[in-house]
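> Sequence and predicted structure below; questions after.
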Amino acid sequence: MQRKSLGLCLTLFLGGGIAAPVVLAQAPLPQVEEAASSLKEPLERAVAQTPYSALVIHTRVDIEPLYPKKGASVGQDEYTEERAVYYARVLETFRGKTVQQVRYEVWGERGEAAVIDSKPQILTLCSGPRGFYWPGTGASFPADPELVVLARRTGREAAAGSSRKFVQCN
């Protein structure tokens, strides 16, 4: 099997309307078809089993430490968990109310990486009293064109059906 290389190229606009291409990096082209194929069933399940799904680009994440409640034993001023609050621009909604921006929370242990990826991704979320929250592993998928089409179709089918069981949500 021959692997192709994909060069990441940006066009730099110089004064006077002159454009100059700039190659930033050379990387092997991933086996997108194989990856997309293995994610089809988990994506269908995630879209069908959560109330909200969309194609998004993350814009920001805020980390908030979660301190133990008053009266808790050992080290009240220390915390072991934190809440990450993510913000994303919505490019397309597959299921749920159409909005331009979405905010959701993720609870985790202190020091877990709260990283945002600037690439578009398909995101599925649960809804609770505080707004949207992350249902857990298997709630985010690459924005591969084949997966985007599948998310659209699954979202339409789920919205048309009478099932309101969001089994991936607490």
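Looks like it came in fine. Residues are numbered from 1 along each chain as shown.
> use CA for all of it now, contacts and neighbours both
Fine.
> how much space between Val102 and Val115?
Shown here: Val102 relative to Val115, a distance of 17 Å by Cα to Cα, to the nearest Å.
> more neighbours, those two?
When Val102 and Val115 are compared for neighbours, Val102 comes out ahead with 17 against 11, by other Cα atoms under 10 Å.
> Pretty sure that one sits against Val85.
No - no contact is recorded between Val102 and Val85 when judged using Cα atoms under 8 Å, the distance being 10.4 Å.
> outside of the helix or strand hosting Leu125, which residues touch it?
Under the criterion DSSP states H and E, the helix or strand holding Leu125 is strand 121-128. Outside of strand 121-128, the residues within contact range by Cα atoms under 8 Å, 6 or more residues apart in numbering are 46-47, 50-57, 104, 132-135, 139-143, 148, 151, 166, 168-169.
> Could you list the residues in contact with the helix or strand that that strand is followed by?
For strand 121-128, the succeeding helix or strand toward the C-terminus, using DSSP H and E, is strand 131-133. When contacts are defined by Cα under 8 Å, 6+ apart, strand 131-133 is touched by residues Arg103, Tyr104, Glu105, Val106, Leu125, Cys126, Ser127.
> need the strands for this structure, in chain order.
According to DSSP state E, the chain carries its strands in the segments 5-14, 18-28, 52-66, 81-95, 101-109, 121-128, 131-133, 140-142.
> May I see these organised as CSV, with mean pLDDT and distance to Arg156 added?
Converted to CSV, the strands of the chain look like this (pLDDT from 0 to 100; distance: least, Cα to Cα, whole Å):
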stretch, mean pLDDT, distance to Arg156
strand 5-14, 33, 34
strand 18-28, 37, 35
strand 52-66, 93, 11
strand 81-95, 94, 7
strand 101-109, 92, 20
strand 121-128, 95, 14
strand 131-133, 95, 20
strand 140-142, 95, 18
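> which one of the ones you listed lies closest to Glu157?
With distances scored as Cα to Cα, the stretch of those nearest to Glu157 is strand 81-95 (9.5 Å).
> Who are the packing partners of the closest one?
Other helices and strands packing on strand 81-95, by 3 or more Cα pairs under 8 Å, 6 or more residues apart in numbering; DSSP states H and E, are strand 52-66, strand 101-109, helix 145-160.
> now that strand and helix 145-160, what's the angle there?
Between the axes of strand 81-95 and helix 145-160, defined by axes from the mean of the first three to the mean of the last three Cα atoms, to 10 degrees, the angle is 80 degrees.
> quick one, strand 81-95 and strand 121-128 angle?
With the same axes, to 10 degrees as the basis, strand 81-95 and strand 121-128 are set at 110 degrees to each other.
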